[in-house]
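Trainee: model the structure of this input:
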Amino acid sequence: MNLYALLEPAIVTLLVVFGLWLSLRKVAPRLSMRLGEASRKAGLAPAIANRVFGPPPARNSACGTCCGCDKGGSQSKPMIHRH
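Mentor: Have a look, this model is predicted:
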């Protein structure tokens, strides 16, 4: 058995995982954000989680139960009237 036959499955697996990782960040950024938040809470180093899933979103003054969505909890945003 030659070396290429041994390394081929590992190389193909790494390429598939890298492609899935890129598509996750492009196609489903909210899912990537939630996975990053969950990994940070689970104890993964923030530097690694930021590199893999992207930086955490900026927190706003919403309800504070999620990763900083635009939905207002107890503090709703003022209505903007357009004329």
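Trainee: using PDB, list the CA coordinates for the strand or helix carrying residue 37.
Mentor: Under the criterion of DSSP states H and E, residue 37 resides in helix 29-42. What follows is helix 29-42, C-alpha atoms only, in PDB (Å, rounded to 0.1, in the frame of the first residue of the first chain):
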ATOM      1  CA  PRO A  29     -24.800  33.000   9.400                       C
ATOM      2  CA  ARG A  30     -27.300  32.900  12.200                       C
ATOM      3  CA  LEU A  31     -26.700  29.200  12.800                       C
ATOM      4  CA  SER A  32     -23.000  29.800  12.700                       C
ATOM      5  CA  MET A  33     -23.400  32.600  15.300                       C
ATOM      6  CA  ARG A  34     -25.500  30.300  17.500                       C
ATOM      7  CA  LEU A  35     -23.000  27.500  17.300                       C
ATOM      8  CA  GLY A  36     -20.200  29.900  18.200                       C
ATOM      9  CA  GLU A  37     -22.200  31.200  21.200                       C
ATOM     10  CA  ALA A  38     -22.800  27.600  22.300                       C
ATOM     11  CA  SER A  39     -19.200  26.700  21.900                       C
ATOM     12  CA  ARG A  40     -18.100  29.700  23.900                       C
ATOM     13  CA  LYS A  41     -20.500  28.800  26.700                       C
ATOM     14  CA  ALA A  42     -19.300  25.200  26.700                       C
END
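Trainee: show me what the next helix or strand after that helix is packed against.
Mentor: For helix 29-42, the following helix or strand on the C-terminal side (DSSP H and E) is helix 46-53. Applying 3 or more C-beta pairs under 8 Å, 6 or more residues apart in numbering; DSSP states H and E, we find helix 46-53 packed against helix 29-42. Using the backbone N, CA and C atoms, a C-beta is placed for each residue, glycine as well.
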